[in-house]
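Q: I'll drop the sequence and a predicted model, then ask my questions.
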Amino acid sequence: MHIHSSEFEKSSSKHTECPETELPEFAFIGRSNVGKSSLINMLLQRKDLAKTSGSPGKTRLINHFKINGAWYLVDLPGYGYAKVSKGDRKSFMKMIYSYFEQRKNMINAFVLVDSRHAPQPSDLEFMNWLGTHGIPFSIIMTKLDKLSSSELKKNKDVYHKRMLQDWEELPPFFYTSASSRLGREEVLNYIDHCISLSS
Ligand code: GTP
Ligand code: MG
């Protein structure tokens, strides 16, 4: 897919404030600091459209970006960030869960996981929640530039095996690096494919 336009449209603190639209949308979710905002910039070839940060907890709202005038990409706050207060974490999760429960035009969630780490309970739990709510998702492994190919192979195998303990089939997996642009075509082509199935 060719990206000819990408614009920030709106930040919302709850799903009821999100843009009213029937255009398909794709959500990017995952633990804080996993690289959601960086990946979005890489996909859109925009340096600083989605705000990134070295310290976790940068994205705090639901951010809508309109792409090619035809679909939305949504940058969500990270979950599992230990340094926010219990109360804040609860309200973050409430915002995220009600977004996914209520957002009718959301056609696929990309769950981002750090390729360096073993499967994390918060990610597995979140994917199980998506599954029980019938919300389609795929997994994007991030920061591949930080791993050797043998480490990557090992971590991929571990992840696939762990997923197959909970699921009969693996969801689509993508392997990316925001710094080397690895995986850009694959993710964009998948989005294109999902849009064509939904229309
Ligand atoms: P929150 O909004 O806080 O939940 O974080 P986020 O998931 O949006 O992560 P963000 O894109 O802000 O990136 C977090 C840190 O990881 C930044 O320091 C990025 O530069 C770094 N980073 C993101 N993607 C990559 C990558 O592919 N490779 C490398 N080496 N660093 C990355
Ligand atoms: Mg972010």
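A: Here it is on my side, so go on. Ligands and ions are numbered 1, 2, ... in the order given.

Q: What are the contacting residues of the lowest-mean-pLDDT helix or strand in the chain?
A: In the chain, the helix or strand scored least confidently by mean pLDDT, DSSP states H and E is helix 86-102, which has a mean of 87. Contact with helix 86-102 is made by 13-16, 18, 27, 29, 60, 62, 76-77, 79, 81, 84, 106, 109, 129-130, 133, 135, as judged by Cβ atoms under 8 Å, 6 or more residues apart in numbering. Where you see a C-beta, it was placed from the backbone N, CA and C, and this is true even at glycine.

Q: Just the ones in helices from these, please.
A: Per DSSP state H, helices hold the following members of the contacts of helix 86-102: 129, 130.

Q: Same list, the contacts of helix 86-102, but only the ones touching ligand 2.
A: Near ligand 2, taking Cβ under 5 Å from the ion as the test, no member of these is found.

Q: of the contacts of helix 86-102, buried ones?
A: Buried members of the contacts of helix 86-102, counted by 16 or more other Cβ atoms under 10 Å: 15, 18, 27, 29, 60, 62, 76-77, 79, 81, 84, 106, 109, 130, 135.

Q: May I ask which of the residues you listed comes out lowest in pLDDT?
A: Checking pLDDT across the buried ones among the contacts of helix 86-102, the minimum falls on residue 81 at 66.

Q: roughly how far out does the top strand by length along the chain sit from the chain middle?
A: Longest strand in the chain by number of residues (criterion: DSSP state E): strand 106-114. From the chain centre to the centre of strand 106-114 is a distance of 4 Å (Cα atoms, centre = their mean, to the nearest Å).

Q: residues in contact with it?
A: For strand 106-114, contacts defined as Cβ under 8 Å, 6+ apart pick out 24-31, 34-36, 39, 74, 99-100, 119-120, 123, 126-127, 130, 135-143, 159, 174, 187, 190-191, 194-195, 198.

Q: Could I have the CA atoms of stretch 125-134 written out in CSV?
A: Listed next in CSV are the C-alpha coordinates belonging to stretch 125-134 (Å, rounded to 0.1, in the frame of the first residue of the first chain):
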residue,chain,number,x,y,z
GLU,A,125,-3.8,-11.8,29.3
PHE,A,126,-4.7,-8.9,26.9
MET,A,127,-4.8,-11.2,23.9
ASN,A,128,-7.0,-13.7,25.7
TRP,A,129,-9.3,-10.8,26.6
LEU,A,130,-9.5,-9.8,22.9
GLY,A,131,-10.2,-13.4,22.0
THR,A,132,-13.1,-13.8,24.4
HIS,A,133,-14.6,-10.6,23.0
GLY,A,134,-14.2,-11.8,19.4
